[in-house]
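In: All I have is the shape, not the residue letters:
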């Protein structure tokens with residue numbers, strides 16, 4: 001899944017429930033887990049002190065007294081590009097060297113159960129580095145919706161198929177569904193899974209309920225797309241709006257079963273290393289106006305994968321080490337793309353050769369990393385391949401707007417108005433046009449300035465779902481329901497969404513260079529810090545105990561309560577990067593836990609091993625609740641990180657270590673940290689103020705958080721989401737981004753945090 005911008009996803013959540021959240025009526029986590037915060041009983045800081053943690057990884061440089069504003073010095077003109085790569089390597093090794101070594105062992109493991117265990121042990125080292133706090137699972141919490149659950153795919157990896165699935169999203173006109181109706185529809189769906197009849201059964205169910213179905217839907221977007229090139233971005237904000245314009249080799253139906261897409265059939269070799277797809281004949285590439293520009297052929301997937309590598313957008317990285325020689329091409333080790341394991345055997349036969357057996361490879365076939373690209377149309381728009389690729393060339397037009405891409409998916413983009421509207425019309429040339437239920441889709445821009453934007457648009461029938469946020473709840477409780485005038489909207493229609501596998505993290509920047517928005521507008525979000533302040537901050541951020549102090553002092557309950565209400569706050573939380581229930585061992589396995597060979601039985605879940613490793617290493621975080629999810633175990637719906645007492649102990653240790661380096665930290669000489677601030681959004685800004693208060697309370701004036709106003713959502717994105725290189729990331733705290741899985745293995749998450757992995761730029765390192 002492409003990188004998610006949570007700061008902007010919060011705006012979307014305040015406007016409406018996501019389709020994934022509306023996919024069923026299951027509730028996540030257990031109330032028992034939510035009632036017990038971290039720091040109590042066996043998790044108490046009295047048992048684990050900072051002095052028992054691993055040695056500091058501080059790599060501070062000599063502090064030079066210089067009161068010049070950091071923003072005036074740290075400019076693009078002054079940036080030392082030649083030293084940036086080696087510096088990034090040094091910082092990564094300093095902070096995540098232990099993680100990386102263990103992760104390489106996990107990748108080399110061929111037994112799936114032992115592999116899972118070793119990955120969990122590696123993630124423990126990643127979380128213990130304190131680079132970020134797991135924030136939330138992006139479900140949207142409590143909601144009210146007119147969507148019939150399970151009418152679109154709800155697979156947990158990737159998201160492209162979900163957004164293309166909007167073509168069959170079933171939305172009723174008359175009123176929201178009740179929780180009982182949602183449960184009834186979900187039960188009906190369950191009874192039809194595997195028959196191919198589930199979608200039609202839901203249509204018939206609505207008819208029996210005397211509910212009519214809409215065929216024109218409206219939803220929101222909150223981030224301006226940075227490109228319209230589906231292969232040129234690994235950001236969800238751009239990818240999700242492009243997804244309906246193309247189709248994949250295989251596609252998921254609403255029963256979550258893969259069906260033929262642009263490939264009519266496929267075969268897999270006995271050794272699992274060769275996948276051969278037979279491309280559907282007669283499928284057309286068209287422009288946004290519907291003008292035919294060519295036929296979809298096998299070579300379009302060859303062109304697509306090469307282009308994904310050439311753009312250096314991070315998308316091809318997802319399958320480095322999977323498709324033969326792809327990583328070698330992407331890193332420049334080889335320059336001849338014909339050596340990469342993707343071939344057009346003829347116009348309608350496509351072959352992938354893998355480096356290793358990857359049974360999850362088919363799950364990627366509907367994801368943009370394996371999307372087709374019309375080679376002829378691309379080159380007609382100035383596109384080139386290999387060393388000749390240059391998106392900055394004046395003649396390069398591909399992906400610059402919706403009128404300069406080729407379409408082979410269910411929708412054409414009929415209108416795009418900046419920060420206003422994106423409109424889609426059904427593509428008459430689509431190979432499966434007769435089965436496109438929704439004839440138009442409209443996306444309306446929601447910038448977060450109006451906390452009732454979603455509610456008002458829901459009431460007037462524009463939007464089909466709304467999140468019951470803290471701002472919306474009072475109004476929803478005053479709105480009489482259609483089914484019973486004695487019940488309000490919350491009582492009659494509110495339901496709890498299911499757990500998501502999208503892991504949102506609150507990152508820290510350990511190698512900050514930018515002190516204004518170098519990505520786009522250097523006059524925006526200018527820090528008040530001096531050069532000296534910036535140097536002191538960087539030294540502190542390189543200290544592992546300092547980062548752990550920050551991680552454990554973040555009051556997520558206060559933050560979530562402001563946005564979602566206290567009753568939904570715990571339900572939003574996740575406590576690990578890879579969800580604890582994402583992978584389960586199929587047989588007994590043994591892994592090394594803090595130097596001790598430890599055996600786990602078949603049925604052990606990923607989170608159990610992760611918790612065992614963290615506990616054995618002497619850290620206080622609770623990342624797994626064996627009683628959660630009604631006894632099934634969960635890493636969701638409790639706060640296993642907030643621990644002010646332990647945070648104080650880690651800070652004391654950091655102060656001592658940094659003092660030995662000549663860096664004083666005190667109330668008279670504090671460390672200043674900049675955090676982007678949504679001044680335009682009253683709800684989110686109140687939540688950010690709550691976070692600042694939790695830091696202030698924990699650190700007694702020794703750490704000062706400066707709230708740096710964004711002004712608008714796009715400016716905020718330019719500070720902490722849009723940059724393609726770490727040196728452009730303009731913040732110390734509050735990089736709210738995350739990742740969701742692309743296939744069913746923990747590698748899909750952890751590959752984003754290897755050297756030059758996609759999340760690294762969020763910490764101020766790597767990228768270009």
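Out: Right, received. Where do you want to start? Keep in mind that what you see is a predicted model, and the values were worked out from it rather than measured.
In: Please make it C-alpha for all contacts and neighbour counts, starting now.
Out: OK.
In: Residue 433: what's it in contact with?
Out: Shown in contact with residue 433 (Cα atoms under 8 Å, 6 or more residues apart in numbering): 410, 426-427.
In: 10 Å instead, please
Out: By Cα atoms under 10 Å, 6 or more residues apart in numbering, residue 433 lies in contact with 167, 409-411, 426-427, 439.
In: Roughly how far does it sit from residue 439?
Out: Separation of residue 433 from residue 439 (Cα to Cα, to the nearest Å): 10 Å.
In: Now do the shared contacts for these two.
Out: In contact with both residue 433 and residue 439: 167, 410-411, 426-427, using Cα under 10 Å, 6+ apart.
In: need the helices for the stretch 251-400 of the chain, in chain order.
Out: Taking DSSP state H, counting those that start in this stretch, the helices of the stretch 251-400 of the chain run over residues 299-311, 326-330, 375-380.
In: Where does the prediction get shaky in the protein?
Out: 1-61, 137-141, 156-161, 497-500, 630 (pLDDT under 70).
In: helix, strand or coil for residue 120?
Out: helix (DSSP: H, G, I helix; E, B strand; the rest coil).
In: The lengthiest helix in the chain packs against which elements?
Out: Identified as the longest helix of the chain according to DSSP state H is helix 81-108. Under the contact definition 3 or more Cα pairs under 10 Å, 6 or more residues apart in numbering; DSSP states H and E, helix 81-108 sits against helix 112-128, helix 747-750.
In: tell me what the shortest one is packed against?
Out: Spelled out, it's helix 747-750. helix 81-108, helix 112-128, strand 733-739.
In: Residue 318 is nearest to which of those?
Out: strand 733-739 (11.7 Å; Cα to Cα).
In: And the closest one, how far out from the chain middle?
Out: Centroid separation for strand 733-739 versus its chain: 9 Å, with Cα atoms, centre = their mean, to the nearest Å.
In: So which elements touch that strand?
Out: With contacts defined as 3+ Cα pairs under 10 Å, 6+ apart, the packing partners of strand 733-739 are strand 4-5, helix 6-15, strand 132-136, strand 503-508, strand 671-677, strand 703-709, helix 713-720, helix 747-750.
In: change it to 8 Å
Out: Packing partners of strand 733-739 (3 or more Cα pairs under 8 Å, 6 or more residues apart in numbering; DSSP states H and E): strand 4-5, helix 6-15, strand 503-508, strand 671-677.
In: and it, which strands flank it?
Out: Strand 733-739 pairs in its sheet with strand 4-5 (antiparallel), strand 503-508 (antiparallel), by DSSP bridges.
In: In a markdown table: those, plus mean neighbour count.
Out: Output for the strands paired with strand 733-739, formatted as a markdown table (neighbours: other Cα atoms under 10 Å):
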| stretch | mean neighbour count |
| --- | --- |
| strand 4-5 | 24 |
| strand 503-508 | 25 |
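In: Ok, which of these comes nearest residue 460?
Out: strand 4-5 (28.3 Å).
In: sorry, back to before: out of the strands paired with strand 733-739, flag the one nearest residue 419.
Out: Short answer: strand 4-5, nearest of the strands paired with strand 733-739 by Cα to Cα, at 16.8 Å.
In: before we move on, the earlier item: so which of the shared contacts of residue 433 and residue 439 is the closest to residue 346?
Out: Using Cα to Cα, residue 410 is the member of the shared contacts of residue 433 and residue 439 that lies nearest residue 346, at 25.5 Å.
In: what about residue 347, how many neighbours?
Out: Burial of residue 347 is recorded as 15 neighbouring residues (other Cα atoms under 10 Å).
In: Next, it: phi, psi?
Out: Torsion angles at residue 347 (phi, psi; degrees, to the nearest 10) stand at phi -60, psi -30.
In: quick one, the longest helix of the chain and helix 112-128 angle?
Out: Angle of helix 81-108 versus helix 112-128, following axes from the mean of the first three to the mean of the last three Cα atoms, to 10 degrees, is 140 degrees.
In: OK, contacts around residue 289?
Out: Residue 289 touches 403, 412, 414, counting by Cα under 8 Å, 6+ apart.
In: among those residues, which are in strands?
Out: Among the contacts of residue 289, the members falling in strands (DSSP state E) are 412, 414.
In: which among the contacts of residue 289 end up buried?
Out: 403, 412, 414 (16 or more other Cα atoms under 10 Å).
In: Just put the strands paired with strand 733-739 in JSON lines and tack on distance to residue 226.
Out: Formatted as JSON lines, the strands paired with strand 733-739 follow (distance: least, Cα to Cα, whole Å):
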{"stretch": "strand 4-5", "distance to residue 226": "13"}
{"stretch": "strand 503-508", "distance to residue 226": "21"}
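In: Please identify which of the ones you listed is closest to residue 632.
Out: The nearest among the strands paired with strand 733-739, by Cα to Cα, is strand 503-508 at 19.5 Å.
In: next one: that closest one to chain centre, how far?
Out: 9 Å.
In: Name the next helix or strand following that strand along the chain.
Out: For strand 503-508, the following helix or strand on the C-terminal side (DSSP states H and E) is helix 531-541.
In: Against which helices or strands is that following helix packed?
Out: Here helix 531-541 touches helix 70-73, helix 544-552, helix 644-660, strand 671-677, going by 3+ Cα pairs under 8 Å, 6+ apart.
In: what do you get if the cut-off is 7 Å, keeping everything else the same?
Out: Packing contacts for helix 531-541, counted by 3 or more Cα pairs under 7 Å, 6 or more residues apart in numbering; DSSP states H and E, involve strand 671-677.
In: could you point out which element follows the strand it packs on?
Out: By DSSP H and E, the next helix or strand past strand 671-677 is helix 682-699.
In: So for that next one, what gets flagged as buried?
Out: Those buried within helix 682-699 under the rule 16+ other Cα under 10 Å are 682-696, 698-699.
In: Tally up the residues packed near the spatially closest residue to residue 103 that is not a sequence neighbour, please.
Out: Nearest non-adjacent residue to residue 103, counting by Cα to Cα, 6 or more residues apart in numbering: residue 122, 5.3 Å away. By other Cα under 10 Å, 23 other residues sit near residue 122.
In: end to end, how far does stretch 461-476 reach?
Out: End-to-end distance for stretch 461-476, by Cα to Cα: 15 Å.
In: Would you mark the buried spots in it?
Out: Applying 16+ other Cα under 10 Å to stretch 461-476 flags 461-473, 475-476 as buried.
In: starting at the chain centroid, how far to that stretch?
Out: Using Cα atoms, centre = their mean, the offset of stretch 461-476 from its chain centre is 24 Å.
In: And the strands in the stretch 251-400 of the chain, which stretches?
Out: Taking DSSP state E, counting those that start in this stretch as the criterion, the stretch 251-400 of the chain carries its strands at 258-260, 263-268, 274-279, 284-286, 292-295, 342-346, 349-353.
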